[in-house]
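Trainee: Dropping the sequence and predicted coords here.
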Amino acid sequence: MNNIESISRKKLMQFSFVMVLGFAILGLSIVLREKRIIPEWNGEIYRIENVNSLDAAFAHPYNKAVDNAGTLAFIFAHLIVCTVCFLIPGIEAIKKRACLKAVVFDFIVYVESWAYTFGVYRILKTVGGRIRPYMYFPNPSLKDIAEGDFISSWPSGHSSVVFLAGAFLFWWLKDSPMKPASKKILMAAVLVIGILTMVLRILSGNHFPTDVLTGAFIGFAVASIVSVANRKILTN
């Protein structure tokens, strides 16, 4: 980011607007979630016949081990991003003020991407109120039922967050002097983890295919918009 040293007052205001809007959306998602009305479960298994044929074919009962594996997968994707985009450049830039500013800028974009993505998918979850697949089988997740999370199937938050990592890394690598072969390996690794996360979320009984596909689109699209918007502000 060669322009990181020349941030005018106008650009600073534009950056501030993007950040404030992101956290406003995040705040709205939290308020809506707190105000939502959670239906009481009467103990009866929901009828899978009420689900479209595509999603019904891939519905699974709840599996805690697979659920945890899906969480670990998306955490691993973000560990890759943090190591490649912040930790290594940060260590290299400690004695170079301009480079350190670039790392801080990228971290701010990363945090904004989280705020926007988390806010958007949580709002949709609250408004959608879709029943999770495991509710159509015996022995659903009693913990999620007690917390009211059983009506949060669409869209998949894990899928959104893991593809947020992929989108952020994609746009970060476009400005990176890293070798093309290394860029391809990194993107391939995060993409594989993203797909694995989607599959695990289905197999764990937490989501239908349309949930994870929508979540992946939200994560990649929102994080891409945030990344591009900030870079345009910086370069204009």
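Mentor: Arrived safely. As the structure is a prediction and not an experimental result, all values here were calculated from the model.
Trainee: In the protein, spot the helix with the most residues.
Mentor: In the chain, assigned by DSSP state H, the helix with the most residues is helix 97-128.
Trainee: Counting by contacts, list what that one packs against.
Mentor: Judged by 3 or more Cβ pairs under 8 Å, 6 or more residues apart in numbering; DSSP states H and E, the packing partners of helix 97-128 are helix 9-35, helix 88-93, helix 157-174, helix 209-235. Any C-beta I mention is one placed from the backbone N, CA and C, and that applies to glycine too.
Trainee: ok, and what's touching the worst-scoring helix or strand of the chain on mean pLDDT?
Mentor: Least confident helix or strand, the chain: helix 88-93 with a mean of 81, by mean pLDDT, DSSP states H and E. Residues outside helix 88-93 that contact it (Cβ atoms under 8 Å, 6 or more residues apart in numbering) are Cys99, Leu100, Ala102, Val103, Asp106.
Trainee: What's the per-residue pLDDT of the residue most central in space within the chain here?
Mentor: The residue lying closest to the centre of the chain (Cα atoms, centre = their mean) is Val161, at 1.5 Å. With respect to pLDDT, Val161 scores 97.
Trainee: Find the residue closest to it in space, skipping its chain neighbours.
Mentor: Excluding its sequence neighbours, the residue lying closest to Val161 (Cβ to Cβ, 6 or more residues apart in numbering) is Phe74, at 5.5 Å.
Trainee: quick one: low-confidence ranges for this structure?
Mentor: 1-7, 94-98 (pLDDT under 70).
Trainee: mind redoing it with 80?
Mentor: The model of the chain has pLDDT under 80 over residues 1-8, 92-99.
Trainee: Starting from Val66, give me the distance back to Arg132.
Mentor: 14 Å (Cβ to Cβ, to the nearest Å).
Trainee: If we ignore the residues flanking it in sequence, what's nearest Gly205?
Mentor: Per Cβ to Cβ, 6+ apart, closest to Gly205 is Tyr134, 3.6 Å.
Trainee: so how many other residues sit close to the one you found?
Mentor: 25 (other Cβ atoms under 10 Å).
Trainee: In this structure Leu173 contacts Lys184, no?
Mentor: No. Leu173 is beyond contact range of Lys184, at 9.3 Å (criterion: Cβ atoms under 8 Å).
Trainee: between these two, which one's more packed in?
Mentor: Leu173 (17 against 11).
Trainee: Point out the most buried one among the helices and strands packed on helix 97-128.
Mentor: helix 157-174 (a mean of 25; mean count of other Cβ atoms under 10 Å).
Trainee: which strands and helices sit next to that helix?
Mentor: Against helix 157-174 (3+ Cβ pairs under 8 Å, 6+ apart) you get helix 64-82, helix 97-128, helix 180-203, helix 209-235.
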